[in-house]
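Colleague: sharing a model prediction with you, sequence too.
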Amino acid sequence: MPVASLTEEPTGLALAAKIASGETTAVDAAQAAIARIERLDSGINAVVVRDFDRGLQQAQAADALRLSGQKLPFLGVPMTVKESFNIAGLPTTWGMEEAAHNLATEDSMVVKRLKQAGAVILGKTNVPPMLADTFSENPIYGRTNNPHHLGHSPGGSSGGAAAAVASGIVALEYGSDIGGSIRVPAHYCGIWGHKPTFGVISLEGHFMPGQEEGASRPLSVVGPLSRDADDLELLLNVTLDRPLPKESIQLDNARILLLTDHPSATTGNGLVGHMEQVATLLENAGAQISRSHDDLPDLAQQHRDYLHMLNIVMMAGAPRPDGTAVEARHWFALLDAQARNQRHWRSVFETFDLILAPPSSTPAFAHDNRPMKDRKILVDGQEYPAAMQLAWAGLVTFPGLPATVLPIGMDQGLPIGMQVISDRYQDYKALDGARKIGALLGQ
């Protein structure tokens, strides 16, 4: 079943072409996006920091550049970014009440690059506190609703970002991901998202309030969301720190591993069934599909190592609740385990071009503001700890792999997505594989 589209608004590239041809103007595009925010967002609550006056000034400048002959990839295209990115003069709170009055003094590197590509930034989108949940609600901005079903979560922590794109408020967004925070919202909201290879896009200006600018956080990445593979790729292009190999894939001879079982997570039959339907389409197109592999890393151990490292990173190395502290030798042991894990996955990708995996265990869950550690989710009628779904995030995050999520169907009125994973620095292969799978699905 195809994913139900909630909008007929054009993609970012389509709108850029209309502006470039003079069919419309950047100011008109910005005013239309502002009108959509004012009309649609009262029920969704995605765009929680609004910067309309300065956005219109950016749009006027974009129109002047176009008239002067300037050509930029997203010239005049309105968009929003996740609240956690610094934009000079706007609050950056990460959803924490104690940071409600924290104003950024400089744009983050990603925002600078988006503006250099011609994008018009109209505001910022909602997050959970500390970007630490798949449920986007905080004491400053309130709760964001899934535009497909207002009673369900849009995911997190880039929940507002995915909701803004899925609803048609904007075509382009930028989020971050350490525990599935791009991939899960894309999956829950029926859009595209890309978690890049670790370290290929700058985290400058994406720091928790109160932490001085310093080293980038291990595991954490930033990346794009959109309703279209081409938009996603161009957003990646204009924000990269370094060039990546432009790799493509031919599905008629692709070697693909379908991975729907994880020792640390239970995945719903509906989600697995949709992935099996995709696998059948791929087999009919000539791809070689394997459903198991004898030499995968120990996924249960990988998940334990990922959770250990994630907890240290999220707490910035602070003592545990029991007062014990992380010692340097423990941290270096984790780094060694991560390096061995990366090498193991590299050997797996000598056998396979792509790996297909769920982004999460289920479609979007009904609103539940219990802390994630206490929350339960229903998987085929049985309760499980909600945090187990981090296994599907950590599958990709711990080894620093790239993954593109695309929508593949609907289950009980809610979207379903799928991760298309490739080896480190093969981001374009993951994107191209996802694009071609989307074409098979008629997208």
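Modeller: Structure received. These numbers come from a predicted model, not from an experiment. Residues are numbered from 1 along each chain as shown.

Colleague: residue contacts, the residue nearest to residue 196 when sequence neighbours are not counted?
Modeller: With sequence-adjacent residues excluded and distances taken as C-beta to C-beta, 6 or more residues apart in numbering, residue 196 is closest to residue 223, at 4.8 Å. Every residue, glycine included, has its C-beta placed from N, CA and C. For residue 223, the contact set (C-beta atoms under 8 Å, 6 or more residues apart in numbering) comprises 174-177, 182, 193-196, 201, 236.

Colleague: also residue 291?
Modeller: Here residue 291 is in contact with 257-258, 260, 279 (criterion: C-beta under 8 Å, 6+ apart).

Colleague: equivalent analysis for residue 240, please.
Modeller: So residue 240 contacts 200-201 (C-beta under 8 Å, 6+ apart).

Colleague: give me that answer again for 10 Å
Modeller: 113, 196-197, 200-202, 427 (C-beta atoms under 10 Å, 6 or more residues apart in numbering).

Colleague: could those residues be laid out in a markdown table, adding secondary structure and distance to residue 354?
Modeller: Converted to a markdown table, the contacts of residue 240 look like this (DSSP: H, G, I helix; E, B strand; the rest coil; distance: C-beta to C-beta, whole Å):
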| residue | secondary structure | distance to residue 354 |
| --- | --- | --- |
| 113 | helix | 28 |
| 196 | coil | 16 |
| 197 | coil | 15 |
| 200 | coil | 19 |
| 201 | coil | 21 |
| 202 | coil | 27 |
| 427 | helix | 12 |
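
Colleague: farthest-apart pair in these, please.
Modeller: 113 and 197 (17.0 Å; C-beta to C-beta).

Colleague: those two: which has the busier surroundings?
Modeller: Applying other C-beta atoms under 10 Å to residue 113 and residue 197 shows that residue 197 carries more neighbours, namely 24 against 20.

Colleague: got the domain ranges for this structure?
Modeller: 12-239, 251-426 (automatic domain parsing).

Colleague: let's test this: mean pLDDT of the longest helix belonging to the chain, rounded?
Modeller: Determined from DSSP state H, the single longest helix within the chain is helix 328-348. The average pLDDT for helix 328-348 rounds to 97.

Colleague: go through it and flag the buried ones.
Modeller: Within helix 328-348, the residues that count as buried by 16 or more other C-beta atoms under 10 Å are 334, 337-338, 341-342, 345, 348.

Colleague: ditto for stretch 81-98
Modeller: 81-87, 90-96.

Colleague: re earlier: which members of the contacts of residue 223 are positioned in helices?
Modeller: residue 236.

Colleague: name the nearest of the contacts of residue 223 relative to residue 37.
Modeller: The closest of the contacts of residue 223, once distances to residue 37 are taken by C-beta to C-beta, is residue 174, at 16.9 Å.

Colleague: show me what that closest one is bridged to.
Modeller: residue 224 (DSSP bridges).

Colleague: local confidence estimate at it?
Modeller: At residue 174, pLDDT is 99.

Colleague: residue 111 is in contact with that one, correct?
Modeller: Yes. Between residue 174 and residue 111 a contact is recorded at 8.0 Å, counting by C-beta atoms under 10 Å.

Colleague: more crowded one of those two?
Modeller: residue 174 (31 against 24).

Colleague: distance of that one relative to residue 126?
Modeller: As judged by C-beta to C-beta, to the nearest Å, residue 174 and residue 126 stand 14 Å apart.

Colleague: likewise for residue 410?
Modeller: 24 Å.

Colleague: neighbour-wise, which of those two wins?
Modeller: Shown here are residue 410 and residue 126; by other C-beta under 10 Å, residue 126 has more neighbours (30 against 18).

Colleague: the residue lying closest to residue 178 once chain neighbours are set aside: neighbour count?
Modeller: Nearest non-adjacent residue to residue 178, counting by C-beta to C-beta, 6+ apart: residue 220, 4.4 Å away. Counted with other C-beta under 10 Å, residues neighbouring residue 220 total 20.

Colleague: and what of residue 7?
Modeller: 15.
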